[in-house]
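Trainee: heads up, no residue letters with this:
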DNA sequence: AGAATTAATAGCTTCAGGTTATCAATGCCC
DNA sequence: GGGCATTGATAACCTGAAGCTATTAATTCT
């Protein structure tokens, strides 16, 4: 196998066209350089240098090889530099998994501050259902996940609770409850709520509320995305519950629906940040958690 | 200094996510791989792998570094391949110096055959005056030169005579000699010939002819390129001598001038191929000479 | 609880690659 | 042209990086 030392010797001799000066620059003895070159020539079965006793020149192959050698050495130096740079906290690429019902409405609040405080941080974002995110985290395909109710009893994970996200009542325009500016859970008695098919921590608080308030899940309809849920409400199909960050980002401005906060005990979903306990970057990840907390909008309940 | 072995170990562990299997693939023992990785981590001051006793995962830096490592290893393999390939005769890049008055008219005859027989050969061509070509050859900036009268007494050079290139008489259309289909040197008695300012082996045979035939150099005009010489003749300024390869390529088809061969003893310039004696590629260069000889057009006198 | 698996550690060995000293060839200079 | 200086190669020796085997420690699975 060719070694980097060989490449280094060749590149330096190619630069200086002089064994002794090359050796000097490499902090080696001249015979050491000779040996490296000779060895390389034997391994490749090719003469790299044209030797007069008095002078050294490159053969055409030598030129080509020396050029490639220089490029390789540059790349190795880059690699080392990159690795050393990475001791800067929160630099490089972080693979973050996040719920589809959370990411697009939470992260925009964070990006500005992240850019400002950790300009070298790049996020690779992945939206998947909670169970798949946790599996990918465990498997090593993700570094961090933002999910509801991360498993706190899992020895392999570190879980940091970030906040609780309230659910808001969303009503068709002419709905009888739309007249009130805020609703008590009991106001929903008798309602049939359209709930999300996928979980994402939204369905269970919804069902709990139904039970507590004397409402029920709509028997005929379930939605598969927050946007379609909103549109179903807009067409008058019924009322629903939507998470606060989504409401803030997408629903408040929609003139086709009425959005009302729920009074305590309002249903909420708990959002956590989780990572593998064995990672070497727990400190950084805590910093990441802190950053999220510091930039949470007012609509969520801080932990 | 990072070593290629380290990069190789990292890349393989990154592939397998398993020290023992990586060691197997590398034909090493597992502790050897551990040691290489540990050493690399220490040198870079960075954790590259996330180790559970049971499992290995890459840290984000580890991913980045492993990716770069793979690229570097590929480049090294390429370098080795390139070097080994270069044992194919006449492959790679050859730096050839050639006279400005020769290259554009000789080389087109060669290129087809070169492409066919040595498809991996690339020519870097450089046109300079003879003395500069020889200097650059000696200095190692060129591998081969095509010049007139290469110095055969120079111990540092190998010189192969290729051919003699006759000079043809070139006359204005109405010239008294244009009536003849070929000229004896003596026919030129009394003529005033425009000769080239730069040497290129054309001026001296021209002067010799003048002396032998009783002609003389035109006192007022000298040309600095073959094309301008031809144009000067076309405007009726006088007669001149032009080398056969140029005549064949550029002058025969020009309706503004008359071109006539000269009978023996016709003036010629001797064209040689030369290289540094110390090169390792004499065999290939002889092959190159042979290739030129085999593809010479009929207008030159083969050696 | 015990078997199995995995990466790390310990102790030992070997050889790649370093050193200094010297040689042989070449060019320079008076 | 003979002596001197310079240069890359060679010789002989030395050191430590890197490999191996055997073992340990930690963890998971049975």
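Mentor: Cool, got the structure. Keep in mind it's a predicted model, so treat the numbers as computed, not measured.
Trainee: quick check: which element contains residue A:194?
Mentor: Under the criterion of DSSP states H and E, residue A:194 resides in strand A:192-196.
Trainee: wait, is residue A:174 part of a helix?
Mentor: No: secondary structure assignment (DSSP: H, G, I helix; E, B strand; the rest coil) places residue A:174 in coil, not in a helix.
Trainee: secondary structure element for the one residue in the stretch 151-300 of chain A that gets nearest to DNA strand C?
Mentor: Nearest to DNA strand C, among the residues of the stretch 151-300 of chain A, is residue A:278, at 11.6 Å (C-beta to the nearest atom of the strand). Glycine gets a C-beta too; all of them are placed from N, C-alpha and C. If you go by DSSP H and E, residue A:278 is not part of any helix or strand.
Trainee: okay, buried residues for the helix or strand of chain A with the lowest mean pLDDT please.
Mentor: In chain A, no helix or strand scores lower on mean pLDDT, DSSP states H and E than strand A:216-223, which sits at a mean of 73. Using 16 or more other C-beta atoms under 10 Å in any protein chain shown as the test for burial, strand A:216-223 gives A:217-218, A:221-223.
Trainee: what of stretch A:145-153?
Mentor: Judged by neighbour count using 16+ other C-beta under 10 Å, the buried positions of stretch A:145-153 are A:145-148, A:150.
Trainee: just the ones of the residues you listed in strands?
Mentor: Residues from the buried residues of stretch A:145-153 lying in strands, with DSSP state E as the criterion: A:145-148.
Trainee: who's in contact with residue A:267?
Mentor: A:166-167, A:185, A:205-206, A:208-209, A:241 (C-beta atoms under 8 Å, 6 or more residues apart in numbering or on different chains).
Trainee: what pairs with residue A:243 across the strands?
Mentor: Note on residue A:243: beta-bridge partners by DSSP bridges are residue A:167.
Trainee: give me the neighbour count for it.
Mentor: Counted with other C-beta atoms under 10 Å in any protein chain shown, residues neighbouring residue A:243 total 31.
Trainee: that one against residue A:203, yeah?
Mentor: No: the criterion here is C-beta atoms under 8 Å, and residue A:243 misses it with residue A:203 at 11.6 Å.
Trainee: who are the contact partners of the residue lying closest to residue A:303 once chain neighbours are set aside?
Mentor: Counting by C-beta to C-beta, 6 or more residues apart in numbering or on different chains, residue A:303 lies nearest to residue A:161, which is 4.8 Å off, once chain neighbours are set aside. Going by C-beta under 8 Å, 6+ apart, residue A:161 touches A:270-272, A:303.
Trainee: next, the angle from the host helix or strand of residue A:161 to strand A:192-196.
Mentor: Using DSSP H and E, residue A:161 maps to strand A:157-172. Counting by axes from the mean of the first three to the mean of the last three C-alpha atoms, to 10 degrees, strand A:157-172 lies at 140 degrees to strand A:192-196.
Trainee: would you mark the buried spots in strand A:157-172?
Mentor: Going by neighbour count (16+ other C-beta under 10 Å), the buried part of strand A:157-172 is A:157-172.
Trainee: check stretch A:28-41 too.
Mentor: Quick answer for stretch A:28-41 (16+ other C-beta under 10 Å): A:28, A:33-34, A:36-37, A:40-41.
Trainee: I'd like the average pLDDT over that stretch.
Mentor: The predicted model assigns stretch A:28-41 a mean pLDDT of 89.
Trainee: list of residues touching that stretch?
Mentor: The contact list for stretch A:28-41 (C-beta under 8 Å, 6+ apart) reads A:2, A:5-6, A:9-10, A:12-13, A:19-20, A:22-23, A:26, A:47-49.
Trainee: just the residues you listed that are near DNA strand D?
Mentor: When contact is defined as C-beta under 7 Å from any atom of the strand, those meet DNA strand D at A:19-20, A:49.
Trainee: quick one: buried ones out of these?
Mentor: If we count by 16+ other C-beta under 10 Å, those have these buried: A:19, A:49.
Trainee: from the ones next to DNA strand D among the contacts of stretch A:28-41, which ones fall inside helices?
Mentor: Among those, the members found in helices (DSSP state H) are A:19-20.
Trainee: now, which of the ones next to DNA strand D among the contacts of stretch A:28-41 sits nearest DNA strand C?
Mentor: residue A:20 (10.2 Å).
Trainee: residues touching the closest one, list them.
Mentor: Neighbouring residues of residue A:20 by C-beta under 8 Å, 6+ apart: residue A:30.
Trainee: ok so, going back, farthest-apart pair in the buried residues of stretch A:145-153, please.
Mentor: Greatest spatial distance among the buried residues of stretch A:145-153 (C-beta to C-beta): A:145 and A:148, at 10.5 Å.
Trainee: just to revisit the earlier point, neighbouring contacts of the next helix or strand after the least confident helix or strand of chain A?
Mentor: Next helix or strand after strand A:216-223 toward the C-terminus (DSSP H and E): helix A:226-234. The contact list for helix A:226-234 (C-beta under 8 Å, 6+ apart) reads A:101, A:170-172, A:194, A:196, A:221, A:223, A:238-240, A:242-243, A:246, A:250-251, A:254, A:256-257.
Trainee: list the buried residues of helix A:226-234.
Mentor: A:226, A:229-230, A:232-234.
Trainee: which among those residues gets closest to chain B?
Mentor: residue A:226 (30.8 Å; C-beta to the nearest C-beta).
Trainee: what's the pLDDT at the residue nearest to residue A:130 when sequence neighbours are not counted?
Mentor: Nearest residue to residue A:130, sequence neighbours excluded (C-beta to C-beta, 6+ apart): residue A:147, at 4.7 Å. Here, the pLDDT recorded for residue A:147 equals 94.
Trainee: residues contacting residue A:147?
Mentor: Counting by C-beta under 8 Å, 6+ apart, residue A:147 has contacts A:97-99, A:130, A:133-134, A:201, A:271-272, A:274.
Trainee: where does pLDDT dip in the stretch 201-303 of chain A?
Mentor: A:219 (pLDDT under 70).
Trainee: please enumerate the helices of it.
Mentor: For the stretch 201-303 of chain A, the helices defined by DSSP state H, counting those that start in this stretch occupy A:203-213, A:226-234, A:244-246, A:282-294.
Trainee: okay, the angle between the longest one and strand A:144-148?
Mentor: On the basis of the same axes, to 10 degrees, helix A:282-294 is oriented at 40 degrees to strand A:144-148.
Trainee: which elements pack onto helix A:282-294?
Mentor: Using 3 or more C-beta pairs under 8 Å, 6 or more residues apart in numbering or on different chains; DSSP states H and E, the elements in contact with helix A:282-294 are helix A:103-117, strand A:157-172, strand A:268-276.
Trainee: quick one: the strands in the stretch 1-150 of chain A?
Mentor: Listed from the start of the chain, the stretch 1-150 of chain A has strands (DSSP state E, counting those that start in this stretch) covering A:49-51, A:56-58, A:92-98, A:121-127, A:144-148.
Trainee: do the second one and DNA strand C meet?
Mentor: No: legend: contact between strand A:56-58 and DNA strand C by C-beta under 7 Å from any atom of the strand is lacking; minimum distance shown is 12.3 Å.
Trainee: average pLDDT for that strand?
Mentor: Averaged over strand A:56-58, pLDDT sits at 85.
Trainee: so is that strand next to DNA strand D?
Mentor: Yes: counting by C-beta under 7 Å from any atom of the strand, DNA strand D has neighbours in strand A:56-58: residue A:56.
Trainee: how far off centre is that strand?
Mentor: The chain centroid and the centroid of strand A:56-58 are separated by 52 Å under C-alpha atoms, centre = their mean, to the nearest Å.
Trainee: need the residues of chain A near DNA strand D, please.
Mentor: Counting by C-beta under 7 Å from any atom of the strand, the residues of chain A near DNA strand D are A:18-20, A:30-31, A:34-35, A:37-38, A:49, A:51, A:53-56, A:156.
Trainee: mind redoing it with 6 Å?
Mentor: A:18-20, A:30-31, A:34, A:51, A:53-54, A:56 (C-beta under 6 Å from any atom of the strand).
Trainee: okay if I get those as CSV plus distance to residue B:287?
Mentor: As requested, those are arranged in CSV below (distance: C-beta to C-beta, whole Å):
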residue, distance to residue B:287
A:18, 31
A:19, 31
A:20, 35
A:30, 35
A:31, 36
A:34, 30
A:51, 23
A:53, 27
A:54, 28
A:56, 25
